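K.L.:
I would like the atomic coordinates for the input below:
(2 chains)
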2 protein chains.
Amino acid sequence: MESSIPEDLRCPRTRARRVRDDYAPPYPAWVARASKSVRQVTMAYFGLQWKDTDLAAQANAQFAQLTAYFAAEGGPVHFDRAVEIDAAGFNNLIAIAYWTDTTAFARWQADSKLAEWWESRAASGGRLGYFREVFSPRIERFETLFSSPDRMEGIGVALQNRSEQDVTDHAYWGSMRDRIPLSQTDALEASGSAIGRPGLSASQRLRIAGHENLAIIRSGQEWTDTEGRERALYTTEMEPILRAGMVFLRDHGSQIGCYVNRYMRHVDASGQSLQKTFGLSYWRSLAQLEHWAEFHPTHLAIFGTFMRIVKELEFNLKLRLYHEVAVLSQDEQHYEYINCHAGSGLLRAGNQG
Amino acid sequence: MESSIPEDLRCPRTRARRVRDDYAPPYPAWVARASKSVRQVTMAYFGLQWKDTDLAAQANAQFAQLTAYFAAEGGPVHFDRAVEIDAAGFNNLIAIAYWTDTTAFARWQADSKLAEWWESRAASGGRLGYFREVFSPRIERFETLFSSPDRMEGIGVALQNRSEQDVTDHAYWGSMRDRIPLSQTDALEASGSAIGRPGLSASQRLRIAGHENLAIIRSGQEWTDTEGRERALYTTEMEPILRAGMVFLRDHGSQIGCYVNRYMRHVDASGQSLQKTFGLSYWRSLAQLEHWAEFHPTHLAIFGTFMRIVKELEFNLKLRLYHEVAVLSQDEQHYEYINCHAGSGLLRAGNQG
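P.N.:
Numbering: from 1, shown residues only, chains lettered A, B, ... in the order given. A predicted model of the protein is given here:
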């Protein structure tokens, strides 16, 4: 086994882990590894939003345009497509694109026609909404976890590498924090608040400034390979409980520090649903995300149901799980919304700020 | 607020707490405090066991005899009466008696007619079973927690004192361990195994030798003061989930390190049920008790349901909760069974040992 923290980021801890030094997890898990040259990555969420069905074709055409820019030089190493119908009943079609070099991302945004296209969306005045939520964590500010050693997801695909062995820092409450390299010496406490930037045409285009140590998590599951009893358990027992927790965070999360939650389904290039979903949520602080996980009845129900299934299947699962978590400095976040409804993404938090 | 660890037992930690030094719990709780002269207490479980209804009167008469010895000089500072029907369908009527001085307990056992009575039970050859499970933890080896500042339970009643203020060390996973003074410098790892002592008349009288760092917990709830919605939630939602977890530990606990679990109801001197219950369980190690609490679906269901009710009632609860936990050295335990069935108490573990 090896530490989840890469060797070159390990340092003498001023903050203790939540387990003893001789802790060994009861089952294996793996983390993504960056090559030495990677110092800051970009996770960019580009979204399209619409309500009326008659806009779907137009949205899909715009989405095709967006992903065509991805194919340009300097485009993302990897991207996913996912859909969500949000609490206001709007369709959201999102491309999640990953770069292992945030400078390359910035260059691509500037050089490709993406920038031009984006500016023109603001002027287009149509009924489609557009947003981009761009996170560029330095490598000491994010962590990943995978239940299987093969077929990475998200930033793991982009990094193209994983820990050689399974890691020591998982399967205990608090391990998420302990896997973030900066947590060795920093409490990762939130400060400031998310504020809408005035000065832009408010009704059509809004930027939100994030705050220090805002936390994000993308936490996913794939049931493609499941069969028989496991498939039935996932579909009839696990998924409804997971969904209930996701809906709680979406509709009531603001009470407990969750600004945004989207429960999203992967789709392929033709728009067909895949057997993969993820929860994507933005939090005021890592501490509040931890508190939800450890103490909130909705997550205890999710985790308890999962543990029940794991035991029933005697740890023989074909369900695949992963997550990626980042705690962002203020300058590693960019939120921008064109023609989106007021409950979209961080707009809600920003408008409250 | 104050530390749950008494001032005279605090020492430089060689083992970190599971929270940061600046942690503050989100709601209050209190602990029992021993006066300075108290160094080692005794928690003695004296049980009567029978199956056939026609033995009830005889059992009650013996129980009355037992509690009459309690009234003798040097008897317990406090005792509770509680009943359980066990997995084998036997009735168990237990007196839980507390001394704040284990030497005084030993003297009372010797001087009172209890010793004589106990010896004569072994020779009586009747159909009643008798057992005593006696725990005498030194004060660095146990901790308590109470949800209310008034009306202590168990060892708290005997100690006749509580923390002046609410304590800092609760409401996080791992706080139970952190409240045990010895955990500041000791991993409290189990070693050895529980073994039946040969040489006594095996079918009638068996002693079990406990092993180093066996852990016990008495964890109780009282709903006497609840009303209306809270009472309905406790009765219809909380209690059935709690019961299911207790039955799991009773019937399948041995798979996960739980030797014994009794889900017991308090009764008064006339045998009438009170609105108080507790789970009493004996574990191979504190670590296994912790693991059940943090990761087992049965406890996650109990805790998740409780948190759901707490939130629904906006933290205004009249339900009263408490527990007492001890991690015992080998010499702080005494188990003895006369004419009890093979699944009684630690007999099961001892017979497997």
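K.L.:
buried residues in stretch A:54-71?
P.N.:
By 16 or more other CB atoms under 10 Å in any protein chain shown, the buried positions in stretch A:54-71 come out as A:L55, A:A59, A:Q62, A:F63, A:L66, A:T67, A:Y69, A:F70. C-beta coordinates here come from the backbone N, C-alpha and C atoms, glycine included.
K.L.:
Spatially central, which residue of chain A would that be?
P.N.:
Among the residues of chain A, the one closest to the centroid is A:R218, at 2.8 Å (CA atoms, centre = their mean).
K.L.:
how near is that residue to A:G156?
P.N.:
For A:R218, the distance to A:G156 equals 11 Å [CB to CB, to the nearest Å].
K.L.:
which residues do the two both contact?
P.N.:
Listed as contacting both A:R218 and A:G156 by CB atoms under 8 Å, 6 or more residues apart in numbering or on different chains are A:E324.
K.L.:
In terms of helices and strands, where is A:V157?
P.N.:
Taking DSSP states H and E as the criterion, A:V157 maps to helix A:155-159.
K.L.:
again, but for A:R262
P.N.:
Counting by DSSP H and E, the element that carries A:R262 is strand A:258-267.
K.L.:
check whether that strand contacts chain B.
P.N.:
No. On the criterion CB under 8 Å from any CB of the partner chain, strand A:258-267 is out of touch with chain B, staying 14.8 Å away.
K.L.:
Around the closest residue to A:Q58 other than its chain neighbours, how many other residues sit close by?
P.N.:
Of all residues not flanking A:Q58 in the chain, A:L128 sits nearest, at 6.3 Å (CB to CB, 6 or more residues apart in numbering or on different chains). By the criterion of other CB atoms under 10 Å in any protein chain shown, A:L128 has 20 neighbours.
K.L.:
I'd assumed A:N60 was in contact with A:L128.
P.N.:
No. Counting by CB atoms under 8 Å, A:L128 does not reach A:N60; the two are 10.6 Å apart.
K.L.:
Mind listing the shared neighbours of these two?
P.N.:
Residues touching both A:L128 and A:N60 by CB under 8 Å, 6+ apart: none at all.
K.L.:
Which pLDDT value goes with the residue nearest to the centre of chain A?
P.N.:
On the pLDDT scale, A:R218 is placed at 98.
K.L.:
got the contact list for it?
P.N.:
By CB under 8 Å, 6+ apart, the contact set of A:R218 is A:M43, A:I96, A:G154, A:F278, A:G279, A:L280, A:H323, A:E324, A:V325.
K.L.:
Could you do A:K311 as well?
P.N.:
Counting by CB under 8 Å, 6+ apart, A:K311 makes contact with B:P297.
K.L.:
and it, what element?
P.N.:
helix A:297-312.
K.L.:
which sections of the stretch 251-353 of chain A are below the confidence cut-off?
P.N.:
Flagging of the stretch 251-353 of chain A using pLDDT under 70 yields the residue ranges A:350-353.
K.L.:
If we use 80, what do you get?
P.N.:
Residues of the stretch 251-353 of chain A that meet the criterion pLDDT under 80 lie in A:349-353.
K.L.:
So which residues on it come close to chain B?
P.N.:
Residues of the stretch 251-353 of chain A lying near chain B by CB under 8 Å from any CB: A:E294, A:F295, A:H296, A:P297, A:L300, A:A301, A:F303, A:G304, A:T305, A:M307, A:R308, A:K311.
K.L.:
if we go to 10 Å?
P.N.:
Within the stretch 251-353 of chain A, the residues that sit near chain B (CB under 10 Å from any CB of the partner chain) are A:255-256, A:287, A:290-291, A:294-312.
K.L.:
and what of the stretch 51-200 of chain A?
P.N.:
Close to chain B, as judged by CB under 10 Å from any CB, the stretch 51-200 of chain A has residues A:A171, A:Y172, A:W173, A:G174, A:A187, A:E189.
K.L.:
Try it again at 8 Å.
P.N.:
Counting by CB under 8 Å from any CB, the residues of the stretch 51-200 of chain A close to chain B are A:Y172, A:W173, A:G174, A:A187.
K.L.:
Tell me the one among the residues you listed nearest to B:D21.
P.N.:
Using CB to CB, A:A187 comes nearest to B:D21 of those, at 10.5 Å.
K.L.:
Hmm, A:R177 and that closest one touching each other?
P.N.:
No. Assessed by CB under 8 Å, A:A187 is found out of contact with A:R177, at 9.5 Å.
K.L.:
who has more neighbours, these two?
P.N.:
The neighbour comparison of A:A187 against A:R177 (other CB under 10 Å) goes to A:R177, with 23 against 16.
K.L.:
and the more buried one, what element?
P.N.:
Short version: A:R177 belongs to helix A:175-179, going by DSSP H and E.
K.L.:
mind listing the strands for the stretch 151-300 of chain A?
P.N.:
Assigned strands in the stretch 151-300 of chain A, in chain order: A:195-197, A:205-209, A:214-222, A:258-267, A:273-283 (criterion: DSSP state E, counting those that start in this stretch).
K.L.:
circling back: let me know the closest of the contacts of A:R218 to B:R205.
P.N.:
A:H323 (56.2 Å).
K.L.:
is it true that A:W292 touches A:H299?
P.N.:
Yes. With contacts counted by CB under 8 Å, A:W292 reaches A:H299, the gap being 5.5 Å.
K.L.:
on that earlier part again, buried stuff in the helix holding A:R177?
P.N.:
For helix A:175-179, the neighbour count (16+ other CB under 10 Å) marks A:S175, A:M176, A:R177, A:D178, A:R179 as buried.
K.L.:
For those residues, please prepare CSV with the additional fields pLDDT.
P.N.:
Shown next, in CSV, are those (pLDDT from 0 to 100):
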residue, pLDDT
A:S175, 97
A:M176, 98
A:R177, 98
A:D178, 97
A:R179, 98
